[in-house]
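1. need a 3D model of the following:
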Amino acid sequence: MFRYLALLWNAESTEIVATAEALQRRIEALSPSWALVFRVAGVAVLVADHSRHLRAQMLFGEAGVVMGEIFPGLHASNEGATVEKANFGATETRAVIESQGRTLASRYWGNYVAFMLDEERGARYIFKDPCGSLPCHVTESGGVQLVFSCLGDCRELGFQFKVNWAFVRARVLGGAEVREPSFLGVSDVHRGECIRFNREGAVESRTAYWRPSFAGDSAFADLEVAQRALRATVLNCAHSLAAGHADVLAQVSGGLDSSIVLGALSDAPHLPRITCYTLFVPDSVCDERRWARLAVAPRGFEQVEVPLVPAMFIYEELPALAASMQPASYFTHWQKGPVERELAGRHGCSAVFTGEGGDAAFCSTTYVFAVDHCLRREGLSFRTLRTAAQVARRRDRTLWNVLGKALARTVFGLGVDGGRDFEAYRRLVSSELRNSTATNLEALLRLGPLTFAPSFYDLSTAHHDGAPYVVSPLCAQPVVEVCARIPVDVHFDGGHIRGLARRAFTAEVPKAILRRQWKDRPLLQLGQVIAGNLPFIRAQLLDGALVRERILDRAALERALRDAPSGSKAIGSEILSHLDVELWIRDSA
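-> Below is the predicted model:
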């Protein structure tokens, strides 16, 4: 799997220079896969397991290097186009350095971390792109700043970090990306953030270069304009991300989002060979296979159906996940990781394409705010009343209830935070920690997966092992930005959840899936996993660090885990989420 390590230090200090050179030699001694790709006074960048897709892209004149993959901006009017990866000549590099990296956020997109040198200002910059999954973390050792993507590499170098309990408390409360560092002595470069270092290697500032607005753009209130822009942007991103991959896996659930991505891939100018796979739970009342078959059959691609048996998911038999900067889902990694690696190896696939991010981008979870957007733009018009009626019908509420809440939010700013909406996921949290900070619920839901820390590595295997690159076109920056510009009531076209997306991709998605207004999910799956692992879960949580630190309420846990999760108001996903945190704490010791 692709990784990088970068060193920044004071080139005028003989002692620190010696420390940096020794650390570089230690890195190179870890494995022959490490290669030095960039070296100037005070900076060294090394990569491991690079490929034609994820690699080092040099800035002109030794002004820096971009790790990962980066594309120039898209032109939405050119539907179905493929853009080549960015090439930084003298002009492009000058714009990047003079803007202190800001043009990367506004004129480029992809999945990358950039290192930039500005000799005139005596500054060095690290910028993490806004929407990609490649992580970026920073720690300091002997006066040398070590920038890394993978915790496993730091462990091999002998670094050990202590868990930050402030992070754990915030994580248990919120679940989304937490601004507290997960380990003491390590800081994260967050999405869209730039860190500036001086010549001595000390941090001077941290600045957010990317702050998406979800207020909606009146230019995109026109349905036809919004439809054309959404369609062109999704197709262009999917085609650009697929270019250069000869063989790919497509994760197909039969839902709208994965079907859109599959349809976009199928029409790519540089069409890769596509193998589809679908996960399903045997004998479940919710079986996604029939819908996945509808999505795949017209294309004639090979489809692999992989059974998941909850009764066979035994925590005590699972090895620990690979070292990670954040708690990760054992359930997700062990269900998907081995399957994707085996299929990718069998079919020679270099990437897995998913529909992740579609719920957020297409406003599946935020259609209730359609009334707010219409109200702000048009006042109490007929269109606003019609939108309120559509939302009311969808939510089984009265028109006046929906309209009244929208007026309270837009006029008085009441009820815009997500405090009560997350209470269902905090039933096991101790009362001492329940006073969480207010969160803008619409922004949180519309960012979706981007509110969580980047998840790049397959943690069900070692970090230096091979694994396919996971690509989610609906999380690409151009898609997120164009969807943010489209008002929610336009996304809710015709009173249908993701109505605009359904309209935009009628040529790519079978009619039966376009008409489908629900998702098949194996509803009892988590309960079965918990029931089959109850003694292990009880032992880990009741006698674990989260209870000792008074983060979880022991009495509530005992009620929840007495027989099965249904015996308490605690939901299965909350129990497994707390178990993931507990195991991460244990494995980080």
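
2. residue 300 - how many residues pack around it?
-> Counted by other Cβ atoms under 10 Å, the residues lying close to residue 300 total 9. The C-beta positions use only the backbone N, C-alpha and C, and glycine is treated the same way.

3. which strands and helices sit next to the lengthiest helix in the chain?
-> Looking across the chain with DSSP state H, the single longest helix is helix 223-242. Judged by 3 or more Cβ pairs under 8 Å, 6 or more residues apart in numbering; DSSP states H and E, helix 223-242 is in contact with helix 256-266, strand 351-353, helix 477-485, helix 499-504.

4. immediately after it, which helix or strand?
-> strand 247-251 (DSSP states H and E).

5. number of residues surrounding residue 216?
-> By other Cβ under 10 Å, the residues close to residue 216 number 22.

6. how about the nearest residue to it, chain neighbours excluded?
-> Excluding its sequence neighbours, the residue lying closest to residue 216 (Cβ to Cβ, 6 or more residues apart in numbering) is residue 487, at 3.5 Å.

7. helix or strand: which one has residue 111?
-> Going by DSSP H and E, residue 111 is in strand 108-118.

8. how about low-confidence regions in the stretch 351-500 of the chain?
-> 415-427, 429, 431-439 (pLDDT under 70).

9. where do the helices sit along the stretch 251-400 of the chain?
-> Remark: helices assigned in the stretch 251-400 of the chain by DSSP state H, counting those that start in this stretch are 256-266, 289-296, 330-347, 358-361, 370-378, 382-395, 399-412.

10. which strands or helices does the last one pack on?
-> It refers to helix 399-412. So helix 399-412, by 3+ Cβ pairs under 8 Å, 6+ apart, packs with helix 370-378, helix 382-395.

11. which other helices and strands does the shortest one contact?
-> Just to be clear, that refers to helix 370-378. helix 382-395, helix 399-412, helix 488-491.

12. residues in contact with the helix or strand containing residue 530: which ones?
-> Element membership for residue 530 (DSSP H and E) is helix 525-532. Identification of contacts with helix 525-532 by Cβ atoms under 8 Å, 6 or more residues apart in numbering yields 281, 284, 308, 310-311, 313-314, 331, 537, 564-566, 572-573, 575-576.

13. tilt between that helix and helix 330-347?
-> 110 degrees (axes from the mean of the first three to the mean of the last three Cα atoms, to 10 degrees).

14. after helix 525-532, which helix or strand is next?
-> That would be, after helix 525-532 and using DSSP H and E, helix 534-542.

15. what's the average pLDDT for that following helix?
-> The average pLDDT within helix 534-542 is 95.

16. picking up where we left off before, what would the strand holding residue 111 look like as PDB? C-alpha coordinates only.
-> Extracted in PDB, the C-alpha atoms of strand 108-118 (Å, rounded to 0.1, in the frame of the first residue of the first chain):
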ATOM      1  CA  TYR A 108      -6.900  21.200  -8.500                       C
ATOM      2  CA  TRP A 109      -8.500  18.100  -7.000                       C
ATOM      3  CA  GLY A 110      -7.600  14.500  -6.300                       C
ATOM      4  CA  ASN A 111      -6.200  12.500  -3.400                       C
ATOM      5  CA  TYR A 112      -2.900  14.000  -2.300                       C
ATOM      6  CA  VAL A 113      -0.700  15.700   0.200                       C
ATOM      7  CA  ALA A 114       1.600  18.500  -1.000                       C
ATOM      8  CA  PHE A 115       5.000  19.700   0.300                       C
ATOM      9  CA  MET A 116       6.000  23.100  -0.900                       C
ATOM     10  CA  LEU A 117       9.100  25.300  -0.400                       C
ATOM     11  CA  ASP A 118       9.100  29.100  -0.500                       C
END
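
17. ok so, going back, residue 507: which of the helices of the stretch 251-400 of the chain is closest?
-> Closest of the helices of the stretch 251-400 of the chain to residue 507 is helix 256-266, at 7.5 Å (criterion: Cβ to Cβ).

18. can you spell out which helices and strands pack onto the closest one?
-> helix 223-242, strand 247-251, strand 273-280, helix 289-296, strand 351-353, helix 358-361, helix 499-504, helix 511-515.

19. could you save the ones you listed as JSON lines and add columns showing distance to residue 4 and mean neighbour count?
-> Formatted as JSON lines, those follow (distance: least, Cβ to Cβ, whole Å; neighbours: other Cβ atoms under 10 Å):
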{"stretch": "helix 223-242", "distance to residue 4": "20", "mean neighbour count": "22"}
{"stretch": "strand 247-251", "distance to residue 4": "24", "mean neighbour count": "23"}
{"stretch": "strand 273-280", "distance to residue 4": "29", "mean neighbour count": "21"}
{"stretch": "helix 289-296", "distance to residue 4": "36", "mean neighbour count": "21"}
{"stretch": "strand 351-353", "distance to residue 4": "19", "mean neighbour count": "25"}
{"stretch": "helix 358-361", "distance to residue 4": "28", "mean neighbour count": "26"}
{"stretch": "helix 499-504", "distance to residue 4": "35", "mean neighbour count": "23"}
{"stretch": "helix 511-515", "distance to residue 4": "39", "mean neighbour count": "14"}
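
20. ok now stretch 142-156, how far from the chain's centre?
-> From the chain centre to the centre of stretch 142-156 is a distance of 22 Å (Cα atoms, centre = their mean, to the nearest Å).

21. now the helices and strands packed on helix 256-266 as JSON lines including distance to residue 96?
-> Below are the helices and strands packed on helix 256-266 laid out as JSON lines (distance: least, Cβ to Cβ, whole Å):
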{"stretch": "helix 223-242", "distance to residue 96": "20"}
{"stretch": "strand 247-251", "distance to residue 96": "31"}
{"stretch": "strand 273-280", "distance to residue 96": "35"}
{"stretch": "helix 289-296", "distance to residue 96": "40"}
{"stretch": "strand 351-353", "distance to residue 96": "27"}
{"stretch": "helix 358-361", "distance to residue 96": "27"}
{"stretch": "helix 499-504", "distance to residue 96": "33"}
{"stretch": "helix 511-515", "distance to residue 96": "42"}
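
22. for residue 214, find the nearest of those.
-> Using Cβ to Cβ, the helices and strands packed on helix 256-266 put helix 358-361 closest to residue 214, at 10.5 Å.

23. buried deepest among the helices and strands packed on helix 399-412, which one?
-> Of all the helices and strands packed on helix 399-412, helix 370-378 carries the top mean neighbour count, a mean of 23, counting by mean count of other Cβ atoms under 10 Å.

24. in the host helix or strand of residue 28, which residues are buried?
-> With secondary structure defined by DSSP H and E, residue 28 is part of helix 14-30. Buried residues in helix 14-30, defined by neighbour count with 16 or more other Cβ atoms under 10 Å: 16, 17, 19, 20, 23, 24, 27.

25. this completes my enquiry, with thanks.
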